[in-house]
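>>> Sequence and computational prediction follow.
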Amino acid sequence: MDIVLEAKQIVRAFKTGAGEDFYALKGVDMQVPRGTLTILKGRSGSGKTTLLNILSALDDPTSGEVIFDGAPFRQMSMAGKEELRRKQIGFVFQSVALIPIMNAYENVDFAMRLAEIKGDYRSQIESALKIVGMNERMLHMPGQMSGGEQQRIAIARAIAHKPKVLFADEPTGALDTESGIRVMKLFRRLIEKEGITIVMTTHDPNLMELGDVIYEMEDGELAEIKRIN
């Protein structure tokens, strides 16, 4: 099995107001196979978002190691992690956060500029918008779109630079059931057609059947693993 992302004994502790340690993660081990949809399932406070932040190099563990495509995070400088996030990782969040004064194309273009993609990347932007089914609305403003359409633009923004791994934190949390299922089916197409690996969090049990690997989190630990495919 080709593993693109691995976590080894990840511990994350935070100081409470009383000066005591609160352990959000308690020695988590997990592997993410390349070209799969891996779901971190759990209630609010279970630790899934904390784990996602560490896996995506947005936060550092108190102890333990994350290995991204063979490269340990602990051997990377802050600048190295920042470059990794810009060039090899994509992010989708529950809050879409499109720039309201930019149309769909411009929102994706702005993300490409932040990633410091060089050359004429117009075709990459148009391709990303086509993949998510929004190429005919590339000149529309966010205020002219539904919540589900805005989330698809956010996904196009996250994949235009062709990341190895897409991290999605509750990407369907603000959507109705039908729009949420559309987003999940879009994730399946991204994996099958584009070869992107996706790691996402959710608390919605209706989305489980679309995942390849499911880790159920409870009180900072992986309580159960389900491999569907």
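Here it is on my side, so go on. Numbering: from 1, shown residues only.
>>> Wait, residue 183 touches residue 148, no?
Yes - between residue 183 and residue 148 there is a contact at 7.0 Å, judged by Cβ atoms under 8 Å. Every residue, glycine included, has its C-beta placed from N, CA and C.
>>> anything in contact with each of these two?
residue 175 (Cβ atoms under 8 Å, 6 or more residues apart in numbering).
>>> Comparing these two, which residue is more hemmed in?
residue 183 (22 against 19; other Cβ atoms under 10 Å).
>>> Just say helix, strand or coil for that one.
helix (DSSP: H, G, I helix; E, B strand; the rest coil).
>>> Numbering from 427 from now on, please.
OK, 427 is where the count begins now, so the last one is residue 609.
>>> now it: how far from residue 624?
11 Å (Cβ to Cβ, to the nearest Å).
>>> for residue 427, same thing?
Taking Cβ to Cβ, one finds residue 427 at 17 Å from residue 624.
>>> can you check residue 501 too?
Taking Cβ to Cβ, one finds residue 501 at 25 Å from residue 624.
>>> Neighbour count: these two, which is higher?
Set side by side, residue 501 and residue 624 show more neighbours around residue 624, with 26 against 9, by other Cβ under 10 Å.
>>> can I assume the more buried one sits in a strand?
Yes - membership of residue 624 in a strand is supported by three-state DSSP.
>>> Could you double-check that it lies in contact with residue 615?
No - with contact defined as Cβ under 8 Å, residue 624 does not reach residue 615; the gap is 10.9 Å.
>>> ok, and the closest non-adjacent residue to the most centrally placed residue in the chain?
The residue lying closest to the centre of the chain (Cα atoms, centre = their mean) is residue 593, at 1.1 Å. Distance criterion Cβ to Cβ, 6 or more residues apart in numbering; nearest residue to residue 593, sequence neighbours excluded, is residue 482 at 4.5 Å.
>>> Mind pulling the model confidence for the one you found?
Residue 482 carries a pLDDT value of 96.
>>> measure it to residue 611 for me?
On the measure of Cβ to Cβ, residue 482 and residue 611 end up 23 Å apart.
>>> and if you look at residue 585?
Counting by Cβ to Cβ, the gap from residue 585 to residue 611 is 15 Å.
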